[in-house]
Structure formats: structure tokens, C-alpha cells
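1. based on what follows, work out the 3D shape:
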Amino acid sequence: MTTVNRLIQGLFFLALGSMLALAGCGDTGSSGGGPAVSTVITTAQQQILPVAIAPNTPGITPSQVALYATYGYSAWQYGPGLPLVKRYDLAPDYDGAANAARLMYYFSSSDNHITDKESPAEALYFGWSAAFQVGGLFSQAYSPVCLSTTQVLDAAVQTINALNRQQPFDFGIFLGDAANSSQLNELKWFINVLDGNWVVPSSGAHLGADLIDYQRPYQAAGLDPSIPWYQAIGNHDQYWMGTHFPSPKIRAAEAGTAILNMGTNVFAPNATESTGMYVGVVDGTTQYGNVIYGGPTANFVPPYPTVVADPERVSMTDTTSSTTTFIEQFFNTTSFPPGHGFDRSHTGSLAACYSFIPRSDIPLKVIVLDDTCKTNISGQSPNFYGNGWMDEERLEWLTQELQAGQDANQLMIIAAHIPVNPQTDIFNNTPTPYFYPDPSNITDAQFVALLQQYPNLLMFMAGHRHKNVVTPQISPDPAHPEYGFWEVETSSTRDFPQQFRLFDIRRNADNTISILTTDVDPAETPGSVAAKSRGYAVGAMRLFGEIDLGDTTSHSYNAELIKQLTPQMQAVIANCGTPLR
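-> Numbers count the residues shown, from 1 in each chain. The predicted model follows:
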């Protein structure tokens, strides 16, 4: 795009915003939908519960968005708060002690999946055409929540700001999958929301930007500048839909005008290199975001479907680097700190790995680990690119970071995108391996065993699964429970329950550690784009069969997680933290 064209586009959206404000067509000041609240209600005080589906309710398909409310699939209600469950899994035969001082207070957000729904290279039609309760991962291809990913993030940011006014955060961390399909414009929208910039949540021809609420440009609130925030990288930040290496065909489709023509089974190896199905795009002029230009190629005759190209609708991944373009964007923000943790001196598979110390007066280090796949091998299943991965270089770096923290008498937290051997869900403690079982790659069991060699490791934080799950990784030596660590997953702001998570790390009176972790629903203005997305998220989970129709639980999990320390570390932290009143 030429400089003149950029100026014209900028003037167009500036004028559009002014017209919308004059016409009363929505809040152009903070259109994400999060009100400027002074006191935030977390899930500890109030839960969002799906309303039970009445017997004999007709089954509808995920694409029938206008009927979600009609048949009650999107209905939810407020319920009582969810108390903190006190967990002693890592501290057997322990009587407990009162919280004495706060060591660290921060938030995590994950799997924001900012989506360019008008891209000719997203996989929308596979989910749009799905049958009632089809199961599988079809909701990740399409769900009506894809219409408003930036607005939901903006509502979450406004809620974080309100929480910060109640109790200032030491930092915040985003655990990967900022972008949905490794497109540059998706990541730029994510950063614009956090920086408090003008957000244009559409691409190409920007159809419906002057008419449809989810298409309207708006001024993001921006994260409070007093909160430093850090970033991890996810599989969707690097790979097409998080599952396939962006081949020349994919990269050409993203940058071009022709709708991607790929294989009819989106989950098959080399699906993107086959043909037979147009992936479709959202028609931004429609109230419910209808998907058009999708379906079997045999149904189309010339002229074949096209869209208007967008110069920023390009892949962040090429055949030589899967992280450079992604990382560089975090040095082009106005928020703090520069680079948001990334270190340009780190290269290769270590490019997105770093560590930081949030507070100089607290002996605690956060190790941000890139545990995503870095190997491009053709003909692999989506799990090959979507699951965890640790090569020798990253394993050596992590081991050095852990040993350095142990030697320096620092408490440690690992923050990564993909969990290691987590339990299946909140209610099922069966382990679910997430590291690819290749003989050359570390397995889940081996990885957990490695981490259990460092008693100062408090916690492994992750996203990826869009679930709120807490897994105790118990010490293999009952005589030394301090070698166990907690694994805590943060759900997605894209899918139900659309939450972020708080962490309040406290020193107890006996110098054990309590990790108080609480889920938070973004505060949303009734009728806003973000509020509509909440109903869509509830409905989509039911219609895709990802929760039972009779499930009326919040899928939240709040806990106080007890962690014992070595006598040496207990002495180090004995006088640390801000005393609790």
C-alpha cells in the first residue's frame, strides 16, 4: 500500500468513527464492551452458568446463529461464587498455616485467537458447515465468537484495569496464541488493543464497517501503563490455524484475493496442499457473520470467489524462521516493557525463550519457555505442529535457568503455552500427554521428572487447551514433598468460559507458599459486542458437542495451592513480602 493510500484509509476510518459517534451507533471510546467499573466481581463472588436446555429442544447447527437465543442454547445466568479449594496434594500430612504476606500479584491471559474472519485463508467453512454436536475440533475452525475477538480482549483489558485499581498488579503475562492463524494483521490488532490504539477489526474491503457492530472501528481502552506485560508464543502464532506449517500455497492465499482451495478433510496430513474445498470468509455486512464463498469446489463455476487483498494479511512464518516476525512486533508497542520480555540476542529455537524477575525485593524468577514445535516435516498430522516440543537446545537452556534459580535461592515459575502431562479436565485426573511421542523428543513423563529435580519450582503455567485445570505434579519422593510443583492452565478469551486468571502468591506464617488463583469473567456492558460473544460462546460449546446439553457449570476453577519449600528456602523468604492485614 502506498503512503497516499494509507493516508486515505486512515482518514476514512477517522471520519467513520466520528460519524458513528454523532449517529449514536455505539461506544467509540471503548467499544469492547467492558464498563469502567471501580469494583470487579470475580468468580469467587459470582459465576456465569449456562441455563439448562429444555427437553426436546430442536437441534440446530452451529451456523444458525440467529436461532441460538430462540432455542436457549446461548442462555446463561449468574450463580453463586466459587470458593477457593484448598489443595494439599503437594503437602501430605500438613496442617496448614495462615497467609502472612503477599509476595506477588499478577494476571495471566491466554489463547486470545485474534481472528481475521475476512481472510481468504482461514478454515471457517469446516466449522460453519458442521452438524449438530459433531464433536472434535470443528469449533476451532469456526464459531460465532470469531466475529468479536478484539472486543472481548478489550473488555478483559478494561476489567484488568479495574482490578489493578483495587490491588496493583506486579505484572501480567499472555501465554500464547495471540493470533489465530499466524497473520501479521491479527497480531497487530492484539497489540493495538493492549496499547490502547484505534482498532479496525476488519480487513480487505472492510465490508459493514459503517453498519455492523462487530465491524465498527473503535478506540481501545489499553492496558494501564503501570502494568508491565509479557508474552509467550503459541502454535497458532506460528502455524496456519495452529496445525500446519504455512507452505508457499498458504502464504500466497493469505496475501492474495482467491479463496483458499484445500482438501476436504481439514485434519488430514497435507490437507492444505490438496484441493476440493473453498474455506469461505465472513460477510461483514451480515448481522450474524454469515460465512460465504465456502464449500465443495464442485459447487462453484467461474468466476471463482475472491476478496479484496490486504497488505498486512500476510503470514508471520516462512521457511527459515517461525518466530522473528512475531517477536519483532513486540518492539513496536507503546506499552511497557520494550519487547515485552523477548530478547533479540536469542536466536534459533531459543528466540522466544527468556526469563525475568518481576520485583527486585522478592526472590522469584519467571522463566518463559517456548515449548512449541520447531520442525517442518511434510505430511504430518495437525497434532505434530499443535502439541508440545522440546529440542536439545531449549532443554539445555531451561535446565540452566532452573539450576541458576536454584543456586540463587529464587522461587521459580515456568510460563509456557503448552501444558505437560496435565489431567484431562477439572473433574478427571487421568493424565493427558501433550508432548509429541517422537523418540528424539522428550516425553511428558521425562519432562515432569526433569522439573521435579528443582524444589524451588512453584508452578508450571500454560494455556493451549482452553481449559481451567489445576494438576498436582507430586514429588516422586514422599520424604521430600518440596520436589513437587503445581501446573495451572488458563482458559481462552475466545471460547467459553472466556476468562483470564489471577495469581496471588503468598508466604504463609510457617514459610510455606500459598498460590491463590482465581478465574475472572470480563465485565461487559449489556448489549455490547463482547456481551453478545458470551452468549455465542455458551451456545457454540453446546452445538459443537464440547459440553453436554445438560451441563450448567461455569467451567471455572479457583484454588489455594499449598507448596512446601526446603529449609534453606524457607529461611530466605522468612521476611519477604507485604504483610497482610
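2. tell me the buried residues in stretch 416-426?
-> For stretch 416-426, burial by neighbour count (16 or more other Cβ atoms under 10 Å) applies to 416, 417, 418, 419, 420, 421, 422, 423, 425. The way it works is simple: take the backbone N, C-alpha and C, and place the C-beta from them, glycine included.
3. which one of these is nearest residue 110?
-> The shortest gap between residue 110 and any of the buried residues of stretch 416-426 belongs to residue 417, at 7.6 Å (Cβ to Cβ).
4. next, the residue lying closest to that closest one once chain neighbours are set aside: secondary structure please.
-> Distance criterion Cβ to Cβ, 6 or more residues apart in numbering; nearest residue to residue 417, sequence neighbours excluded, is residue 176 at 3.3 Å. Secondary structure for residue 176, judged by DSSP: H, G, I helix; E, B strand; the rest coil, is coil.
5. need the buried residues of stretch 416-426 in JSON lines with secondary structure, can you?
-> JSON lines is the format used below for those (three-state DSSP):
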{"residue": "416", "secondary structure": "strand"}
{"residue": "417", "secondary structure": "coil"}
{"residue": "418", "secondary structure": "coil"}
{"residue": "419", "secondary structure": "coil"}
{"residue": "420", "secondary structure": "coil"}
{"residue": "421", "secondary structure": "coil"}
{"residue": "422", "secondary structure": "coil"}
{"residue": "423", "secondary structure": "strand"}
{"residue": "425", "secondary structure": "coil"}
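6. from the residues you listed, which is closest to residue 121?
-> Checking those one by one against residue 121 (Cβ to Cβ), the nearest turns out to be residue 417, at 22.3 Å.
7. contacting residues for the residue nearest in space to the middle of the chain?
-> Most central in the chain under Cα atoms, centre = their mean is residue 111, positioned 1.3 Å from the mean C-alpha point. The contact partners of residue 111, by Cβ atoms under 8 Å, 6 or more residues apart in numbering, come to 175-177, 234, 236, 463-464, 466, 490-495.
8. any chance of CSV for the buried residues of stretch 416-426, columns pLDDT and distance to residue 99?
-> As requested, the buried residues of stretch 416-426 are arranged in CSV below (pLDDT from 0 to 100; distance: Cβ to Cβ, whole Å):
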residue, pLDDT, distance to residue 99
416, 98, 27
417, 98, 30
418, 98, 31
419, 98, 27
420, 98, 28
421, 98, 29
422, 98, 26
423, 97, 26
425, 95, 29
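9. paired strands for the biggest strand by length in the chain, with orientation please.
-> Longest strand in the chain by number of residues, with DSSP state E as the criterion: strand 99-109. If you go by DSSP bridges, strand 99-109 pairs up with strand 171-174 (parallel), strand 500-508 (antiparallel), strand 578-579 (antiparallel).
10. now these in CSV, with mean neighbour count, mean pLDDT and distance to residue 80?
-> Conversion of those to CSV gives the following (neighbours: other Cβ atoms under 10 Å; pLDDT from 0 to 100; distance: least, Cβ to Cβ, whole Å):
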stretch, mean neighbour count, mean pLDDT, distance to residue 80
strand 171-174, 24, 99, 28
strand 500-508, 23, 98, 19
strand 578-579, 11, 97, 30
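11. do you know which of those lies nearest residue 226?
-> strand 171-174 (10.5 Å).
12. tell me the helix or strand right after that closest one.
-> Heading C-terminal from strand 171-174, the first helix or strand you meet, by DSSP states H and E, is helix 184-195.
13. which residues are in contact with that following helix?
-> 32, 112, 114-116, 150, 153-154, 157, 178-180, 197-201, 203, 220, 222-223, 229, 237, 310, 312-316, 325-326, 329-330, 332-335.
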